[in-house]
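In: got a predicted structure plus its sequence, pasted below:
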Amino acid sequence: MPGLTGLQCGHQRQSAGRLRAAVDPCLPLVQAFRIANPANYARTVFIEALEGDGVKVDAPAVAVNPTQILPAKDSYVSADQVAKLTGLDYAKDATLILKVSYNIGADTSLVLYGLTQGVDSMPASLQVEQTNLAQNYGIPIDEYEFYDGSGGGETKSELRAVTKLLTDMHTSPYFPTYQDALPILAVNGSIEFVNDYESDPTLAGAAGRVYAKPGTWIKADATGGLDVKGQALGGYVHTRSGKTLAYVVDINNAHTGSINGLIGIFQDEGTISAMLWRDY
């Protein structure tokens, strides 16, 4: 992933690249480059993968994807196959997406899920998702509003819908894999830097015991400040007494003068999470 740089607050560890002094050293920096034409990009990646495995391809690796000369959809038969590209185990994709909030990957995941259900577009995949959430998780459509797979647009949800999904996921046979893919408080992912609570000895033990995914929706205002439309942290707390809590902490419609104010919200959410670890 281009431009991925990780820092651990307090230890000044830099895992890749260099950061300008203006970047807060306690905030992980993730820089992603949007692919303007996914079909062209996929074509290039596929050709390079074939050539890397010794398959000769009579076409330039970098060129416009000539969709107009492709056979009709579903016209291939098994006898026509000359190569197959197999992606990573999905657990690895999910880990990348959840650990660093890789939004493009989240969007792609929803469309890939749609393909398994016989549809091939984002709107159709969203409808399939609605059916799945209602039938298999008991979450009605009026408790959320999704526009893609990554929380884009005016995405919103009721807290009870999120906690219902988290609770049901806890009983899934895939739960250990799912939980491990979540960021871990003060350990890794997008909440690695959230550790201010450790200054309180009664809370310090929460490090590594909270698995939670943050979600952030902010807009810059005319003065250079930030309107925090929403900042949430949700997942699981394995408490000091041995319980497992499914929880969500959420703040809406706040304002801060700088990115440091947003970082402070993260730290406050981390402290609340640590208090749940200590008190329950």
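Out: Okay, I see it.
In: do you know how far the residue of the chain most remote from its centre is from residue 107?
Out: The centre of the chain is farthest from one residue, residue 79, which by CA atoms, centre = their mean lies 38.0 Å away. When distance is defined by CB to CB, to the nearest Å, residue 79 is 34 Å away from residue 107. Yep, even glycine has a C-beta here, placed from its N, CA and C like the rest.
In: wait, a helix at the residue farthest from the centre of the chain?
Out: Yes - under DSSP: H, G, I helix; E, B strand; the rest coil, residue 79 sits within a helix.
In: start at 39, not 1
Out: Noted, 39 is the first residue going forward, which turns the last one into residue 117.
In: now do the helix ranked longest in the chain, average pLDDT.
Out: When the chain is parsed with DSSP state H, its longest helix is helix 297-317. Mean per-residue pLDDT for helix 297-317: 96.
In: in that helix, what counts as buried?
Out: 300-301, 303-309, 311-316 (16 or more other CB atoms under 10 Å).
In: what residues does it touch?
Out: 62, 64-65, 223-224, 229, 231-235, 238, 240-244, 247-248, 250, 252, 254, 256, 264, 266, 269, 271, 275-278, 283, 285, 287, 289, 292, 294 (CB atoms under 8 Å, 6 or more residues apart in numbering).
In: all strands of the stretch 189-318 of the chain, in order?
Out: With strands called from DSSP state E, counting those that start in this stretch, the stretch 189-318 of the chain shows them at 194-195, 248-258, 264-276, 282-294.
In: in a markdown table: those strands, plus mean neighbour count and distance to residue 214.
Out: Putting the strands of the stretch 189-318 of the chain into a markdown table (neighbours: other CB atoms under 10 Å; distance: least, CB to CB, whole Å) gives the following:
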| stretch | mean neighbour count | distance to residue 214 |
| --- | --- | --- |
| strand 194-195 | 18 | 25 |
| strand 248-258 | 18 | 11 |
| strand 264-276 | 20 | 11 |
| strand 282-294 | 15 | 12 |
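In: of all these, which one is nearest residue 164?
Out: Minimum separation from residue 164 across the strands of the stretch 189-318 of the chain (CB to CB) falls at strand 194-195, 13.5 Å.
In: strand partners (parallel or antiparallel) of that closest one?
Out: Sheet pairing for strand 194-195, assigned by DSSP bridges, gives strand 182-183 (antiparallel).
In: please report how far the residue lying closest to residue 120 once chain neighbours are set aside lies from residue 218.
Out: With sequence-adjacent residues excluded and distances taken as CB to CB, 6 or more residues apart in numbering, residue 120 is closest to residue 93, at 7.6 Å. Separation of residue 93 from residue 218 (CB to CB) stands at 35 Å.
In: who has more neighbours, those two?
Out: residue 218 (14 against 11; other CB atoms under 10 Å).
In: my guess is that one contacts residue 133, does it?
Out: Yes - between residue 218 and residue 133 a contact is recorded at 7.3 Å, counting by CB atoms under 8 Å.
In: residue 272 bridge partners, please.
Out: With DSSP bridges as the criterion, residue 272 is bridged to residue 251, residue 286.
In: who are the neighbours in contact with it?
Out: Contact analysis of residue 272 by CB under 8 Å, 6+ apart lists 200-201, 204, 250-251, 253, 285-288.
In: also residue 73?
Out: By CB under 8 Å, 6+ apart, the neighbours of residue 73 are 79, 142.
In: kindly report the same for residue 105.
Out: Remark: with contacts taken as CB under 8 Å, 6+ apart, residue 105 is in contact with residue 77.
In: now do it, the pLDDT please.
Out: 86.
In: from residue 169, how far out is it?
Out: As judged by CB to CB, residue 105 and residue 169 stand 30 Å apart.
In: residues near residue 174, how many?
Out: Neighbourhood size, residue 174 [other CB under 10 Å]: 9.
In: so for it, what's the pLDDT?
Out: On the pLDDT scale, residue 174 gets 95.
In: residue 121 now?
Out: Residue 121 carries a pLDDT value of 77.
In: how near is it to residue 91?
Out: For residue 121, the distance to residue 91 (CB to CB) stands at 8 Å.
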